[in-house]
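Novice: my questions concern the predicted model and sequence given below.
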Amino acid sequence: MGEQGETIRDRLDRFIEAAGTNRAHFERRCGLSNGYIRNMNDNMSARTLMQVCKAYADLNPMWLISGEGPMRRDDARTVDDLREVVRRQGEVIEMLTKLLDDAKL
């Protein structure tokens with residue numbers, strides 16, 4: 001359960017810090033206006049929640065809204081995480097291909 005008196009804004013700030021980013025980057029990535037978090041009341045529309053969860057698939061929406069459960073979904077990865085995995089796999093394949101080509105000489 002969330003900390004006593006903790007707001008959605010407080011939990012957003014905790015998530016942003018845990019994600020290693022800042023409010024401005026978070027807002028841009030989610031398609032929110034500049035200063036949205038600073039100016040938000042302690043509520044979030046369903047549309048905004050969907051935008052945030054689409055941009056950060058690992059964020060647990062139940063935790064964000066109520067403070068209940070874990071901050072992150074254990075079984076979800078963000079699109080950026082998956083792109084990084086694919087990029088790294090591509091680098092490994094290129095390196096192995098080069099090693100095989102060099103071995104043929």
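Specialist: It's in.
Novice: ok, now how distant is W63 from Y56?
Specialist: Using CB to CB, to the nearest Å, one gets 12 Å for the distance from W63 to Y56. Placement of C-beta: from N, CA and C, glycine included.
Novice: more neighbours: those two, which one.
Specialist: Each of W63 and Y56 has its neighbours counted (other CB atoms under 10 Å); Y56 has more, 24 against 19.
Novice: quick one: pLDDT of the more buried one?
Specialist: Per-residue pLDDT puts Y56 at 95.
Novice: show the contacting residues for it.
Specialist: F15, A19, R29, C30, T78 (CB atoms under 8 Å, 6 or more residues apart in numbering).
Novice: A18 too?
Specialist: M71, R72.
Novice: one more time with 10 Å
Specialist: Contacts for A18 were tallied using CB atoms under 10 Å, 6 or more residues apart in numbering; they are D58, L59, M71, R72.
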